[in-house]
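Trainee: 3D, please:
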Amino acid sequence: MAQTIVITGLADGMGRDVAKLLAQSGDSIAGFDMDEAGINSLREELKAIGGDHLLTTMDITDRPGILKFRDQVLQKYGKVDIVLSNVGIGFFDPFEEVNLEKALKCLEINVIGCAAIFQAFIPSLRKQGGGKLIAMSSLVGQIPFPFESIYTASKFAIEGMVDALRLEVAPFGIRVALIEPAQVSTKFAAKIHHLPPEGSPYRERAKRFIDKDNELVKTAPTPIQGAQIIVKVLKSDKPRLHNQMAFRDSFFMMINKWLPVSVRDNILVNFMDIKV
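Mentor: Predicted coordinates:
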């Protein structure tokens, strides 16, 4: 049965592929992104696929704009079945050298952005007797990664927020889920990777981390493979709370849960080639 699905951050990457896969199955897509060119080209692609879609250009930090968008969606479609919070930015820096104003922006976009889109649509989901709230998290929402302390903090926050609200909205038939990819072969990591300046005590290890991350991306799921997994979660009647994209990710989640901290740390620093 065709559904109406809200997606944030769908102008590029996996979000864009998710929108196209859903449109091909007859679903209506309502979404926004701040990339105007990306939104315009996606609008044309969805028009060619067929169906009825509502796309607009907007920043996730525009909270009055989100409420206006919600009203437009509900007026057009009458109801929403699924909300996918996909918008987010990365952040890479040794913690000692982090620009805290930029860190605050990352937390605003990644955490409060997710909260804002969920909060906007929960009343209608509650009144209609159910629906799904799906958030894009990350492997680092469970396993802290060095040089990604702020990004890790944002994903830990999303995991805690979603797990807590799950208990609040379950009585209304609203299901929630987290999708926790590690590397995906997109340009996401390349956009944030940068070496600390010359003279930084972290520069050499950060370079090794970046090199290893770039190596892992080469064998990571493609955006379309990632999108197919996301669509599977969206379409599940009873999605699991935690969903990974590859066996390696699930394996790391398992050992993170059961192994002693010292052993986990040793595995991580060796795997990412940052052992001193």
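
Trainee: so how far is stretch 166-182 from its chain's centroid?
Mentor: Stretch 166-182 sits 14 Å away from the centroid of its parent chain (CA atoms, centre = their mean, to the nearest Å).

Trainee: average pLDDT for it?
Mentor: Across stretch 166-182, the average pLDDT comes to 96.

Trainee: buried set for that stretch?
Mentor: Of the residues in stretch 166-182, R166, V169, I174, R175, V176, A177, L178, I179, E180, P181, A182 count as buried by neighbour count, 16 or more other CB atoms under 10 Å. Yep, even glycine has a C-beta here, placed from its N, CA and C like the rest.

Trainee: cool, and stretch 232-248?
Mentor: For stretch 232-248, by 16+ other CB under 10 Å, it's V233, L234, P239, H242, N243, Q244, M245, A246, R248.

Trainee: from these, which is closest to D213?
Mentor: Closest to D213 out of these is R248 (13.7 Å), distances taken as CB to CB.

Trainee: dump the residue contacts of the closest one.
Mentor: Shown in contact with R248 (CB atoms under 8 Å, 6 or more residues apart in numbering): A182.

Trainee: counting contacts, what elements does the one helix or strand L22 maps to pack onto?
Mentor: Secondary structure assignment for L22, by DSSP states H and E: helix 13-24. In terms of contacts (3 or more CB pairs under 8 Å, 6 or more residues apart in numbering; DSSP states H and E), helix 13-24 is packed against strand 4-8, strand 28-33, helix 36-49, helix 223-235.

Trainee: how about a cut-off of 10 Å?
Mentor: Secondary-structure packing of helix 13-24 (3 or more CB pairs under 10 Å, 6 or more residues apart in numbering; DSSP states H and E): strand 4-8, strand 28-33, helix 36-49, strand 82-85, strand 131-136, helix 223-235.
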